[in-house]
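Student: need a 3D model of the following:
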Amino acid sequence: MNSLIKLELVRALRNRKFLFFSVIYPSLLFLLIAGNADGHTEIDGTGLTLPTYMMVSMASFGALTAVLMGNSERIAKERESGWVRQLRLTPLPGRGYVLAKTAGTAVVSLPSIVIVFAVAAAMKDVRLDAWQWLALTGAIWAGSLVFAALGVAIGYLAGGDAVRPITMITYFVLSLLGGLWMPTTTFPRWLQDIAEWLPTHAYAALGRAVEQKQAPHTADLAVLAVSFLLFAGGAAWLYRKDTLKA
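Tutor: Numbering: from 1, shown residues only. Now for the predicted structure:
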């Protein structure tokens, strides 16, 4: 299993296109959105300035990109090429395969988080206590496991040409409605009510709670926990179904 994890890490780091969209792109989006923003005016209902608010959003967006896009398309392609079938002939357990996939994308998601933080601090003068930077990094990195499980599920749900549109639709809907591209306070009330039930909204809310020096809301933790159980359970069921089919 260790050899497979190392292989996944090397493959992730060699994929320049994937590295750009998951590591560099979120930082560029942050500068595009918050570049000319007033660093003192607060967003209604949050107590946070736009640069501080969007820093968490883009760090979460980068981690989401790494684990969701990385897992779903790669797993679908490996199923189609027969690579997964070959691995089943080895002593590697199914959980080892999933762990290797998660580890490979997690390595890329961490730099995307750190780079967004560095850009926000250097270019927009975002300042937090040392414990807040550490807590933010840990919360966003750990929370990305929810979407890593979703990526595995999509990778086993669809194959070939179908996996990309399914992943992209899921990716854009979760990012947009979850408030990763713009504050949900700008949404109509009915859309805000929908957003509160999305895992991406709860995911970013963890980081904002750290910025506000508050404990995470129980509702946000519940949404993430239920989402993880659903995604991981779906991934496990689809993996077993794919195994029986093979």
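
Student: make it CA atoms for all contacts and neighbour counts henceforth
Tutor: Noted.

Student: ok, now which ones touch the residue nearest the centre of the chain?
Tutor: Nearest to the geometric centre of the chain sits Leu64, at 1.7 Å (CA atoms, centre = their mean). Listed by CA atoms under 8 Å, 6 or more residues apart in numbering, the contact set of Leu64 reads 109, 144, 147-148.

Student: least confident pick among those?
Tutor: Checking pLDDT across the contacts of Leu64, the minimum falls on Ser109 at 81.

Student: now that one. Nearest residue, chain neighbours left out?
Tutor: Closest residue to Ser109 apart from its sequence neighbours, by CA to CA, 6 or more residues apart in numbering: Ala63 at 4.5 Å.

Student: with Ala34 instead?
Tutor: Pro51 (5.3 Å).

Student: and that neighbour, what does it touch?
Tutor: 30, 34, 37, 39, 120, 124, 126.

Student: check Glu196 too.
Tutor: 178, 202.

Student: quick check: it vs Ala162, distance?
Tutor: 29 Å (CA to CA, to the nearest Å).

Student: could you do Phe172 as well?
Tutor: 16 Å.

Student: Gln214 now?
Tutor: For Gln214 relative to Ala162 (CA to CA), the value is 42 Å.

Student: can you list contacts of the host helix or strand of Tyr171?
Tutor: Using DSSP states H and E, Tyr171 maps to helix 163-177. If you take CA under 8 Å, 6+ apart as the criterion, helix 163-177 is touched by 61, 65, 68-69, 72-73, 76, 151, 154-155, 157-158, 181-182, 184, 191, 195, 198-201.

Student: give me the buried subset of those residues.
Tutor: 61, 65, 68-69, 72-73, 76, 151, 154-155, 157-158, 181-182, 184, 195, 198-201 (16 or more other CA atoms under 10 Å).

Student: from these, which ones fall inside helices?
Tutor: Assigned to helices by DSSP state H, the following of the buried ones among the contacts of helix 163-177 qualify: 61, 72-73, 76, 151, 154-155, 157, 195, 199-201.

Student: out of those, what pair is the most spread apart?
Tutor: Ala76 and Ala195 (28.9 Å; CA to CA).

Student: low-confidence regions, this protein specifically.
Tutor: Residue ranges of the chain with pLDDT under 70: 1-21, 39, 81-104, 243-246.

Student: where along it do the helices fall?
Tutor: Going by DSSP H, the chain shows helices at 2-14, 16-19, 25-34, 50-64, 70-81, 83-88, 94-123, 130-157, 163-177, 189-195, 199-211, 218-245.

Student: just the ones you listed: most buried one?
Tutor: helix 50-64 (a mean of 28; mean count of other CA atoms under 10 Å).

Student: with that, I have no additional questions.
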